[in-house]
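In: how would this look folded up:
(one chain, ligands or ions: 2)
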Amino acid sequence: MKRDFLSFKDWSREELDSILKRAIELKDMRRKGVVSHPLTGKTLAMIFEKSSTRTRVSFEVGMFELGGHAIFMSPRETQIGRGEPVKDTARVLSRYVNGIMIRTFSQEVVEELAGYAGVPVINGLTDLLHPCQIMADLLTVIEKRGTYEGLKVAWIGDGNNMANSWIEAAGKIGFDLTLACPKGYTPNPMILGEAHKMATGKIRLTSDPFEATKDADIINTDVWASMGQEEEQKEREKVFKGYQINIELIKVARKDAIVLHCLPAHRGEEITEEVIEGPNSVVWDQAENRLHVQKAIMEKLMGGNL
Ligand code: CP
Ligand code: NVA
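Out: Ligands and ions are numbered 1, 2, ... in the order given. Model (predicted):
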């Protein structure tokens, strides 16, 4: 039976840990120049209905390094943009390729695609979730801290796709997550409710960034206006004004706290130049880790050894 990677919901903590462990091995092998081609002869279709730098390049390079091939598909040059139903696209692509990665707006589209596809589907970001990014973030945390277990994680800013996936992760594995979001911009209540039920780690919501950041090991943020919200930019700049990761804020965290940002970053908005370029920032390692963790995910889903 094929598996999909659409959210953390269908994956156990043990499985997520084994993907992270494999990502560390793959990273080490790459550093040593050890070549491994478990996906020889396999192809990944990559559907992008939103812009991307990291996701596109890391999946494409990842496929190449695993011995496979990736095809970039945008709505403009394909029938997707002319309204071909997603269920038809899913069945046709499944006759050609061995996996599909999709970045789109609604999570329902990804679920529908996966429902009709005979091959594994990977969520490369929706308005609701960004699970591959959080896997890269967790890998970065493990590299810098040895474990995610027992750590205090602060999320500052919008209760967006990134925040929702961090909440899913906190529900599944053992760290404490405090999110500081302005009123009206809090995370998805269903995802929050589900994660609370699992209660593996403690999840708290506040509107005070200083309360969330106090003694934090990890400080995490993202843009104030996500893709698709460009028209709200000006209004959001006003709402999120006090939700910037700056020197004043990181002073209340642990001295060795690490700062994460999935990128792209808007310096002077959600994070200052000083912090993103400063000693606490690990954003370049975090971006690199997309490659290693997605290779591990693709190997798991498409490598024929589920
Ligand atoms: N972090 C992330 O997903 O970046 P891209 O939008 O460049 O893919
Ligand atoms: N929340 C951002 C993440 C970009 C990687 C967005 O959806 O645009």
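In: Tell me, what's the model's pLDDT at the closest residue to Gln229 other than its chain neighbours?
Out: Closest residue in space to Gln229, ignoring its immediate chain neighbours: Arg236 at 7.2 Å, by Cβ to Cβ, 6 or more residues apart in numbering. (Glycine included, C-beta is placed from N, CA and C.) In the prediction, the pLDDT value recorded for Arg236 is 98.
In: how close does Arg236 sit to Met29?
Out: 42 Å (Cβ to Cβ, to the nearest Å).
In: Between the two, which has more neighbouring residues?
Out: For the pair Arg236 and Met29, the greater number of neighbours falls to Arg236 (21 against 15), based on other Cβ atoms under 10 Å.
In: doesn't Ala225 make contact with the more buried one?
Out: Yes. The pair Arg236 and Ala225 passes the contact test of Cβ atoms under 8 Å, sitting 4.8 Å apart.
In: Let me see the contact set for the residue most central in space within the chain.
Out: Within the chain, one residue has its C-alpha closest to the average C-alpha position: by Cα atoms, centre = their mean, that is Gln133, at 2.0 Å. Contacts of Gln133 were listed using Cβ atoms under 8 Å, 6 or more residues apart in numbering, and they are Leu125, Met162, Ser165, Cys262, Arg290.
In: before we move on, what about Gly159?
Out: For Gly159, the contact set (Cβ under 8 Å, 6+ apart) comprises Leu179, Cys181, Tyr185, Thr186, Pro187, Asn188.
In: Ok, Asn246 next?
Out: Here Asn246 is in contact with Ile271, Thr272, Glu274, Val275 (criterion: Cβ under 8 Å, 6+ apart).
In: now the third one, nearest residue through space, not along the chain?
Out: The spatial neighbour of Glu274 that comes closest, neighbours along the chain excluded (Cβ to Cβ, 6+ apart), is Ile247 at 5.9 Å.
In: Out of the contacts of Asn246, who's the most crowded?
Out: Most crowded among the contacts of Asn246, counting by other Cβ under 10 Å, is Ile271 at 27 neighbours.
In: For it, list each beta-bridge partner.
Out: Beta-bridge pairing for Ile271 (DSSP bridges): Ile245, Arg267.
In: Am I right that it is in contact with Val223?
Out: No. Using Cβ under 8 Å, Ile271 is not in contact with Val223, being 9.4 Å away.
In: any common contacting residues for the two?
Out: Residues within reach of Ile271 and of Val223 at once, by Cβ under 8 Å, 6+ apart, are Ala265.
In: could I get the contacts of Gly159 as CSV with distance to Val141, secondary structure and neighbour count?
Out: Supplementary listing: these in CSV, determined by distance: Cβ to Cβ, whole Å; DSSP: H, G, I helix; E, B strand; the rest coil; neighbours: other Cβ atoms under 10 Å:
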residue, distance to Val141, secondary structure, neighbour count
Leu179, 16, strand, 27
Cys181, 21, coil, 23
Tyr185, 25, coil, 17
Thr186, 24, coil, 15
Pro187, 20, coil, 25
Asn188, 23, coil, 20
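In: before we move on, the earlier item: contacting residues around the residue nearest to Gln229?
Out: Arg236 sits in contact with Asp158, Trp224, Ala225, Gln229, where contact means Cβ under 8 Å, 6+ apart.
In: ok, these vs Ile47, which is closest?
Out: Minimum distance to Ile47 across the contacts of Arg236 is 20.9 Å, recorded for Gln229 (Cβ to Cβ).
In: neighbours of the closest one, just the number please.
Out: Gln229 sits with 15 neighbouring residues when counted by other Cβ under 10 Å.
In: Up against ligand 2, what does the stretch 51-200 of the chain have?
Out: For the stretch 51-200 of the chain, the residues in contact with ligand 2 under the definition Cβ under 6 Å from any ligand atom are Leu125, Asn160, Asn161, Met162.
In: So which of the residues you listed sit within helices?
Out: Residues of these located in helices (DSSP state H): Asn161, Met162.
In: Just the buried ones from the residues of the stretch 51-200 of the chain next to ligand 2, in ChimeraX syntax?
Out: The following ChimeraX line selects those of those that are buried, judged by 16 or more other Cβ atoms under 10 Å:
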select :125,160,161,162
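In: Including pLDDT, could the residues of the stretch 51-200 of the chain next to ligand 2 go into a markdown table?
Out: Rendered in a markdown table, the data for these read as follows (pLDDT from 0 to 100):
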| residue | pLDDT |
| --- | --- |
| Leu125 | 99 |
| Asn160 | 98 |
| Asn161 | 98 |
| Met162 | 98 |
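In: Alright, I will stop here.
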